[in-house]
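>>> With the sequence up front, the predicted model follows.
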Amino acid sequence: MYRKLLSISQVFCFSLFLSTQVFCQIEIDFSFIQYQEEYQPLTSGDTIWGMNNEKFGVDVTAIDNFERIIPLPEPLIINQLEEWVFDYLIFAVSGGTGIASFNEDLNQENILVLSPATTSNYMSPLNDPENTDQGYIIYSLDEDYLRIDFQNLAHSEELHLGDGRLISRFNFQVEYRIADSRTRYIYGPSIISTELRQHLGSIYIFSFFAVELSQYDEFGEWDNYYDGEMLLLIGLPDEPMQTRISDVNFWDPQISLIDFPSESTVYEFNILPPSSNNELVLLEDKIKFYPNPTTDFLMVDPIKEDLFDRDDVYFKIFSIDGKLLLNHHLNQTSQIDLRSLNSGSYLLKITSDKFNAYGRIIKK
């Protein structure tokens, strides 16, 4: 019996507001590299969603419509986490997948979270009555690899944009190598409408690799405990910045990729032993910028006065499709003039001789 009742994205949202108790600290490290490789869609496997013209992805208030749990035929041994027995998979229409373990003695659930492009939720294109093509979430497991393929998916947000047609399509795959836990996110051809691309850039596209531990009480209810390690990618998908998050209480959910990765992009993650030199921080940990949203000017101040000398500090502002729009020295008044920009979401990059950091800003 599985106690897992919270969806992958719900766990992330809840964890933002909880103070972490320390009685079973997860201590591991991750590595990340990016390169190009052609996406190869699965042509066989078990279909999680998409059989028999199933119009999945609409009513996600029902847990079976949002998340499905599949027992593994044999447990998986995950590198650096050998003491846990991972024996079931969690699939979510939000684009996340989990390899999970539940310890009955300790009432603890442990999950290796594989999130290539988590957003609100993907859906069958058949939810638009004018479409005839189906989308699928499929998985395949053999002695070498676990693969999860998200094929020809529409996106629920598009129902609320423009004329409500589902014209965008997404293709991406998770590949987990059983021998050493190497995990790759491989992105296929995607057709994204201008309206949906702008909208996704203004909310979030989470691409990350994480290990989570959740505690449950004797009745199987979540016990307000979360521990974990996460490597989150933020900023431009072709040149993402890596941010290591150990204390999820300080994770701003608006910090994410600002666009969907392009075709043939590969993000590769590996699990390593813990190290002491892996600190990566979000922009908000170093710099305060306000007001956000703003109509004209953005104020930028270091949280610590001696953090940088403004003679060596520059800012860049990118559009959500990665185009460099502004690139200037940060003036002595710490003021950035945004009056030349149209209304919308943008990526702010602050660079100095000590660090580079990203943040999302909104021009009204």
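Yep, it's here. Numbers count the residues shown, from 1 in each chain.
>>> quick one: residue 56 is in a helix?
No: looking at residue 56 with DSSP: H, G, I helix; E, B strand; the rest coil, it is coil, so not inside a helix.
>>> ok, now which ones touch it?
Residues in contact with residue 56 (C-beta atoms under 8 Å, 6 or more residues apart in numbering) are 49, 50, 65, 93, 123, 124. (Glycine included, C-beta is placed from N, CA and C.)
>>> now do 6 Å
49, 124 (C-beta atoms under 6 Å, 6 or more residues apart in numbering).
>>> Find me the pLDDT at it, would you?
Model confidence at residue 56, given as pLDDT, is 93.
>>> ok, now residue 252?
In the prediction, the pLDDT value recorded for residue 252 is 54.
>>> Renumber starting at 42 from here on
All set: I'll call the first residue 42, so the last point we hit is now residue 293.
>>> Please enumerate the helices of the stretch 292-405 of the chain.
324-327 (DSSP state H, counting those that start in this stretch).
>>> cool, and the stretch 142-291 of the chain?
Using DSSP H, counting those that start in this stretch, helices in the stretch 142-291 of the chain cover 235-243.
>>> all strands for it, in order.
Remark: strands assigned in the stretch 142-291 of the chain by DSSP state E, counting those that start in this stretch are 149-159, 163-164, 177-182, 186-196, 211-218, 224-228, 247-257, 263-275, 282-286.
>>> Just name the shakiest helix or strand of this structure by mean pLDDT.
When the helices and strands of the chain are scored by mean pLDDT, DSSP states H and E, helix 49-56 comes last with a mean of 38.
>>> Give the buried residues for the following helix or strand past that one.
On the C-terminal side of helix 49-56, the closest following helix or strand by DSSP states H and E is strand 70-77. Buried residues in strand 70-77, defined by neighbour count with 16 or more other C-beta atoms under 10 Å: 70, 71, 75.
>>> do you know which of the strands of the stretch 142-291 of the chain lies nearest residue 99?
strand 163-164 (6.4 Å; C-beta to C-beta).
>>> Could you list the paired strands of the closest one along with their orientation?
strand 186-196 (antiparallel) (DSSP bridges).
>>> From the chain's centroid, how far away is the strand it pairs with?
Taking the mean of its C-alpha atoms, strand 186-196 sits 15 Å from the chain's own mean (C-alpha atoms, centre = their mean, to the nearest Å).
>>> Tell me where the model's unsure across the stretch 242-391 of the chain.
260-267, 287-295, 315-327, 344-352, 361-363, 372-374 (pLDDT under 70).
>>> That should have said the stretch 42-191 of the chain, apologies.
42-68, 101-105.
>>> distance of residue 378 from residue 243?
Counting by C-beta to C-beta, to the nearest Å, the gap from residue 378 to residue 243 is 21 Å.
>>> on that earlier part again, I'd like the buried residues of strand 70-77 as a markdown table, with distance to residue 151 appended.
Formatted as a markdown table, these follow (distance: C-beta to C-beta, whole Å):
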| residue | distance to residue 151 |
| --- | --- |
| 70 | 17 |
| 71 | 16 |
| 75 | 27 |
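>>> residue contacts, residue 331?
Residue 331 touches residue 340, counting by C-beta under 6 Å, 6+ apart.
>>> ok, 10 Å please
Neighbouring residues of residue 331 by C-beta atoms under 10 Å, 6 or more residues apart in numbering: 339, 340, 341, 342, 402.
>>> Which pair of these spans the longest distance?
Longest span within the contacts of residue 331, C-beta to C-beta: 342 and 402, 14.5 Å.
>>> Residue 85: what's it in contact with?
Residue 85 touches 179, 181, counting by C-beta under 10 Å, 6+ apart.
>>> switch to 7 Å and redo it
Contacts of residue 85 were listed using C-beta atoms under 7 Å, 6 or more residues apart in numbering, and they are residue 181.
>>> in the stretch 292-405 of the chain, which spans are strands?
306-313, 328-331, 338-343, 355-359, 365-370, 376-378, 385-392, 397-404.
>>> nearest to residue 276, of those?
Minimum separation from residue 276 across those (C-beta to C-beta) falls at strand 397-404, 4.4 Å.
>>> Quick one: mean pLDDT for that closest one?
Here strand 397-404 scores 75 as its mean pLDDT.
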